[in-house]
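Trainee: structure here, sequence nowhere to be found:
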């Protein structure tokens, strides 16, 4: 159990750790179900933050009925499952990858001295 709890295993490991902690008497069949669980752990962690940011900035970013509103409504209805036909999953993954890339680029700018404070 210790290795599963280690963050080294990433999102899938975090989800498995959560499932195992909830049920100490796991059968082989249940373990198989855990292994194929499609819940996107990081989405459940990040979506409240994304939706909160939209609630704060939404009026400044879009008008009612805009594409941004449609995207947010799609994410609000999402069940955090990674299914092949999930448009919300694809949208979340794009947002998450973009945020991750922005963070890496910003860190590199700071490390190389490309960020100047006025």
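Mentor: Looks like it came in fine. None of the values given here were measured: they were computed from a predicted structure.

Trainee: what's the burial count for residue 47?
Mentor: 19 (other CB atoms under 10 Å). Any C-beta I mention is one placed from the backbone N, CA and C, and that applies to glycine too.

Trainee: swap in residue 15?
Mentor: Neighbours of residue 15 (other CB under 10 Å): 19.

Trainee: and the closest residue to it other than its chain neighbours, what pLDDT?
Mentor: Closest residue to residue 15 apart from its sequence neighbours, by CB to CB, 6 or more residues apart in numbering: residue 41 at 4.3 Å. As predicted, residue 41 sits at a pLDDT of 86.

Trainee: could you report the distance from residue 41 to residue 87?
Mentor: Look at residue 41 and residue 87: by CB to CB, to the nearest Å, they are 20 Å apart.

Trainee: these two: who's more crowded?
Mentor: Each of residue 41 and residue 87 has its neighbours counted (other CB under 10 Å); residue 41 has more, 18 against 12.

Trainee: from residue 65, how far off is the more buried one?
Mentor: For residue 41, the distance to residue 65 - CB to CB - is 32 Å.

Trainee: ditto for residue 42
Mentor: Counting by CB to CB - residue 42 and residue 65 are separated by 29 Å.

Trainee: give me the more crowded residue out of these two.
Mentor: Between residue 42 and residue 65, counted using other CB under 10 Å, residue 42 has the larger neighbour count: 15 against 8.

Trainee: noted, bye for now.
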